[in-house]
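# Turn this into a model:
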Amino acid sequence: MLGIDHGLTAADILEAKLTIWEMLCKGETDREIIEILGLPVDVYLALKTQAIDEKAQELKSKPPEHVYVEHLLVQQKSIRDLTDMIKEFKATKQYNAMVGAVKARAQLYDSLLSKGQECGVFRKTPERRELVAGVVVADLSSEELKAAITKAICGLDGMMRKYGECDIIDMAPDGLHYGPSLSARTEIEEEKPKVVAPKTKRVRSKTTKTSKASRGKRVRIR
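Down below sits the predicted model:
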């Protein structure tokens, strides 16, 4: 609130707040505004605070869509300025500057789109990750995705009921082997038919018989 000795009427205060807001929007500094209006520093700061508070309340009372449209109208001038700059840079063959202006205009369009989505003017499609917890969800329908989530939650709920409330020291260990037991495997091995290899006949060569018959005989050398 302003002091009682500021010497300003209600009309003067209203006009001063409007002027301060317009000059702030133009980029004027506090020192420049004080010098132009010729106001004491404490009076100027009080008027500036009131002007900002009133503008904030005005914006809060508006629907987000209206705020976005006003923002869009203000940014249209920047877009037109950038478009004119692009034409001028292209005509004068200042290609580096032209590329910078094109990027700036593209970023401004992207910013307007993002602001529109935040204000609810445009519908923002939720992002869907390709892989979630080992499940490919990009190609799933809404019902399939709900079923996958429900199945995962049920499995987690079962684990929490079984292990979540227990101390790991008091838990009985589960079996680590889920195949047939050793005795069952032994019985399976015993039930298998045994394959007997066929016997092979031994054939004695004549050389063997001759050498056996000639054992112990002396050979005479004539």
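# The closest residue to residue 33 other than its chain neighbours: helix or strand, and which one exactly?
Beyond its immediate neighbours in the sequence, the residue positioned closest to residue 33 (C-beta to C-beta, 6 or more residues apart in numbering) is residue 23, lying 5.0 Å away. (Glycine included, C-beta is placed from N, CA and C.) Element membership of residue 23 [criterion: DSSP states H and E] is helix 10-25.
# Which residue ranges of the chain form helices?
Assigned helices in the chain, in chain order: 10-25, 30-37, 41-61, 64-91, 95-118, 142-159, 182-191, 206-213 (criterion: DSSP state H).
# Any chance of a markdown table for the ones you listed, columns mean neighbour count and mean pLDDT?
Putting these into a markdown table (neighbours: other C-beta atoms under 10 Å; pLDDT from 0 to 100) gives the following:
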| stretch | mean neighbour count | mean pLDDT |
| --- | --- | --- |
| helix 10-25 | 15 | 90 |
| helix 30-37 | 14 | 92 |
| helix 41-61 | 14 | 91 |
| helix 64-91 | 14 | 89 |
| helix 95-118 | 14 | 89 |
| helix 142-159 | 11 | 75 |
| helix 182-191 | 9 | 58 |
| helix 206-213 | 9 | 49 |
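# For residue 28, give its distance to residue 79.
Computed as C-beta to C-beta, to the nearest Å, the residue 28 to residue 79 distance reads 24 Å.
# domain assignment for the chain?
Under the assignment named as automatic domain parsing, the residue ranges that make up the domains of the chain are 1-61, 62-125, 132-164.
# so what pLDDT did residue 9 get?
In the predicted model, residue 9 carries a pLDDT score of 86.
# Tell me how many other residues surround it.
9 (other C-beta atoms under 10 Å).
# how about it, what does it touch?
Contacts of residue 9 were listed using C-beta atoms under 8 Å, 6 or more residues apart in numbering, and none were found.
# Next, it: phi, psi?
Summarising the backbone geometry of residue 9 under the convention degrees, to the nearest 10, its torsions are phi -80, psi 170.
# and the gap between it and residue 20?
Between residue 9 and residue 20 the computed distance is 16 Å (C-beta to C-beta).
# Also residue 149?
For residue 149 relative to residue 20 (C-beta to C-beta), the value is 55 Å.
# do the same with residue 87
Distance of residue 87 to residue 20, given as C-beta to C-beta: 37 Å.
# what do you get for residue 35?
Look at residue 35 and residue 20: by C-beta to C-beta, they are 13 Å apart.
# same deal with residue 108?
Counting by C-beta to C-beta, the gap between residue 108 and residue 20 amounts to 28 Å.
# Then residue 158?
Taking C-beta to C-beta as the criterion, residue 158 is separated from residue 20 by 65 Å.
# returning to what we had before: quick one, the helix holding residue 23 and helix 64-91 angle?
Relative orientation of helix 10-25 versus helix 64-91 (axes from the mean of the first three to the mean of the last three C-alpha atoms, to 10 degrees): 50 degrees.
# for helix 10-25, packing partners?
For helix 10-25, the contact count by 3 or more C-beta pairs under 8 Å, 6 or more residues apart in numbering; DSSP states H and E identifies helix 30-37, helix 41-61 as packing neighbours.
# Including distance to residue 154, could those go into a markdown table?
Supplementary listing: those in a markdown table, determined by distance: least, C-beta to C-beta, whole Å:
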| stretch | distance to residue 154 |
| --- | --- |
| helix 30-37 | 62 |
| helix 41-61 | 45 |
